[in-house]
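> generate coordinates for the sequence data below:
(4 chains)
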2 protein chains.
Amino acid sequence: MGITERKEREREEMRKLILDAAQTLFLANGYEKVSIRNIADTIEYSPATIYLYYKDKNELLYALHQRGFVKMVSEFQSLRSLSDPFERLVEMGRAYIRFAVENPELFDLMFIMTAPMDKLDKEDWVEGDQAFGLLMTIVQECMDAGIFKKHDVQATSMMIWSGIHGYTALFLRKRLGMFPECDRQPIMDEAFDLFCKTLRHGL
Amino acid sequence: MGITERKEREREEMRKLILDAAQTLFLANGYEKVSIRNIADTIEYSPATIYLYYKDKNELLYALHQRGFVKMVSEFQSLRSLSDPFERLVEMGRAYIRFAVENPELFDLMFIMTAPMDKLDKEDWVEGDQAFGLLMTIVQECMDAGIFKKHDVQATSMMIWSGIHGYTALFLRKRLGMFPECDRQPIMDEAFDLFCKTLRHGL
DNA sequence: GCAAAATACTGAACAGTGTTCATTAAGTTT
DNA sequence: AAACTTAATGAACACTGTTCAGTATTTTGC
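Reported below is the predicted structural model:
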C-alpha cells in the first residue's frame, strides 16, 4: 500500500507550497508586513491550515533561514576557481556583502533578526557552521602560504567575519545617516578596501 | 500671565513621565513585548492620552534612541584622560562593546532595530554624528602621531567602526551558535585583541 | 461670580495580529 | 455501507497600534 507514501509526499508538497508563498511574500514585503492570513490567502487555504504544517510563524522563518544559508553557501562555490588564498578571502568578503545587498531580507533573517533565533540547538547550526568552516579553511591557507602570521584560526576568522559583517549590518539597517546619500557607497568601498589592505599588511 | 509657561512645563513633565515609563518597560522586557496599553497602565492614564504627547510608538522609540546616544557619548568622556591616541582608540572600542553588552536594548535601538529609523532627516543624526566625530578625531590623531599611515580619515574611521560593530551585532543577535557557549567570550576577546594588533601593524 | 470657550482626557471602536479548537468535510479501512 | 481516521475550516480569544466622538476639567472674557 503506497498510500502512506503518497500522504507523506502530499504533506511535503503542502509544506513547500506554504514555504514558497511565505518566501515570496516575506522577501517582497518584509517580515513585519506579512501575516499568516496573507500567506493563507495567496495559497487559498484557511489560516488555521498553516498551523497543521508549521508549528508557528517562527518555524516558517527558520525554514527560510536555512534556505538562505544554502543559497549563500552555493554562491561561495565560485570561489573555488581562485587559486591565491588571499584573493579568495577578499572575494569571499565581496560575495558576503553582495549577498547581503542583493538579498537584504534573507540576510536580515540569517544574521540580524532576533525572531527565529530565540532558542536554537547546535544541530540547527550546520549551515552556518559550514560557511564559517569555509572561512576558516581559507584563513588557514593564508597562514600556510605565509600571507598571514600564525594565529588562532578561529579567532582570526571571527575577527575577519566581524569586520565584514559590520559594514553590511550598518548599511542594511540604515545607520550611515551621517554621510550624505551619494557619499555612502564610495566610503563603504574605500573602507572595505582599507580593511583588506590592513589585513594583508598587519595580520 | 505665567499660565502658558506652566502649561508648557506640565506638558514637558507629562512627556517625561511617559518616556520614563516607556524606557523602564522597554529596557526590562524588550520592545516587542511592551505595548502602548502597558505604558498607559503603569502611568495610570488612558492609552489615547499617550498619543496627545507622542505621535506614535516610533516617536517614543526615537526619543529613547536619542537618550541612548547621550548616554553613550557621556561614557566616552572618560577617554579624555588617556594621552596615547592609539590607546584611546582601543579603549573607545572597548567602551563601545561594554556599552552594547551592558545596555543591549538601548544599543539595539541605536544601531540595529529598523523601527525608529524608517525615515530620519539629517538633523536627527546630531548625536550619532558627534560620536562618529569623536572617532574621527582620534583616528586623525593616530595618523598625526605616525601610528597609522595617512589615509582618508572618514573611510578609516568607518572601517574601524564596522570592525568593532560587527562583533557586538553578531554577539547581541546570538549568531555565535557554532561555538560552544563557554568558548564564545574568549574567542570574542581574542578576536578584538587581534583586530587592535592588526590595526596597529597594518594601518 | 458665572457662562462660554479652550484644553485635557477617556471609552469605545476599528482593523489588524498570532494562535487555538470544536466542528465539518473528505478519504481510508474494515 | 458503516466505522474510523485524517484534513481543513470558521469562529473565537486575547492581543496589538491607532483614531475619534464625547466627557470632564480648566481658563478666559464679561
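
> any idea which helix is longest in chain A?
Longest helix in chain A by number of residues (criterion: DSSP state H): helix A:3-29.

> could you pull out the buried residues of the next helix or strand after it?
Downstream of helix A:3-29, the first helix or strand assigned by DSSP states H and E is helix A:36-42. Judged by neighbour count using 16 or more other Cβ atoms under 10 Å in any protein chain shown, the buried positions of helix A:36-42 are A:36, A:39, A:40, A:42. From N, CA and C alone the C-beta is placed, and that goes for glycine too.

> repeat that for stretch A:81-94.
A:85, A:86, A:88, A:89, A:90, A:91, A:92, A:93.

> dump the residues you listed into TSV; add secondary structure and pLDDT as well.
TSV is the format used below for those (DSSP: H, G, I helix; E, B strand; the rest coil; pLDDT from 0 to 100):
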residue	secondary structure	pLDDT
A:85	helix	97
A:86	helix	98
A:88	helix	98
A:89	helix	98
A:90	helix	98
A:91	helix	98
A:92	helix	98
A:93	helix	98
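
> sorry, back to before: over the longest helix of chain A, what's the mean pLDDT, rounded is fine.
When pLDDT is averaged over helix A:3-29, the result is 94.

> close to DNA strand C, is that helix?
Yes. Against DNA strand C, helix A:3-29 shows contacts by Cβ under 7 Å from any atom of the strand at A:3, A:4, A:6, A:7.

> now, which of the residues you listed sits nearest DNA strand C?
Set against DNA strand C, the nearest of these by Cβ to the nearest atom of the strand is residue A:3 (4.5 Å).

> and the furthest pair within the residues of helix A:3-29 next to DNA strand C?
Farthest pair in the residues of helix A:3-29 next to DNA strand C (Cβ to Cβ) is A:4 and A:6. Separation: 7.4 Å.

> what about residue A:80, how many residues close to it?
The local packing of residue A:80 (other Cβ atoms under 10 Å in any protein chain shown) involves 8 other residues.

> wait, what's in contact with it?
Residue A:80 makes no contacts at all, as judged by Cβ atoms under 8 Å, 6 or more residues apart in numbering or on different chains.

> per-residue pLDDT of it, please?
Value for residue A:80, per-residue pLDDT: 94.

> quick one, phi/psi of it?
phi -60, psi -30 (degrees, to the nearest 10).

> residue A:178 too?
Dihedral pair for residue A:178: phi -70, psi -20, per degrees, to the nearest 10.

> tell me how many other residues crowd it.
Neighbour count of residue A:178, defined by other Cβ under 10 Å: 19.

> burial check on the residue nearest to it when sequence neighbours are not counted, number of neighbours?
Leaving aside its chain neighbours, residue A:178 sits nearest to residue B:129 (4.6 Å; criterion: Cβ to Cβ, 6 or more residues apart in numbering or on different chains). By other Cβ under 10 Å, 15 other residues sit near residue B:129.

> for residue B:129, helix, strand, or coil?
Three-state assignment for residue B:129 (DSSP: H, G, I helix; E, B strand; the rest coil): helix.

> would you check how far apart it and residue B:79 are?
Noted for residue B:129: a distance of 18 Å to residue B:79, by Cβ to Cβ, to the nearest Å.

> and what of residue A:139?
Going from residue A:139 to residue B:79 by Cβ to Cβ gives 32 Å.

> these two: who's more crowded?
Using other Cβ under 10 Å as the criterion, residue A:139 and residue B:79 rank with residue A:139 on top: 28 against 16.

> who touches the helix or strand that the more buried one is a member of?
Residue A:139 is part of helix A:126-144, with elements assigned from DSSP H and E. Applying Cβ under 8 Å, 6+ apart, the contact partners of helix A:126-144 are A:66, A:69-70, A:72-73, A:76, A:79, A:85-86, A:88-89, A:92, A:110, A:148-151, A:153-154, A:156-157, A:160-161, B:175, B:177-178.

> can you tell me which of these are in helices?
Under the assignment DSSP H, those contribute A:66, A:69-70, A:72-73, A:76, A:85-86, A:88-89, A:92, A:153-154, A:156-157, A:160-161 to helices.

> in ChimeraX, select just the buried ones from these.
In ChimeraX, this line selects whichever of these come out buried by 16+ other Cβ under 10 Å:
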select /A:66,69,72,76,85,86,88,89,92,153,154,156,157,160,161
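
> could you report the neighbour count for the residue in chain A that chain B sits nearest to?
Going by Cβ to the nearest Cβ, chain B is nearest to residue A:202 of chain A, at 1.9 Å. When neighbours are counted by other Cβ under 10 Å, residue A:202 registers 17.
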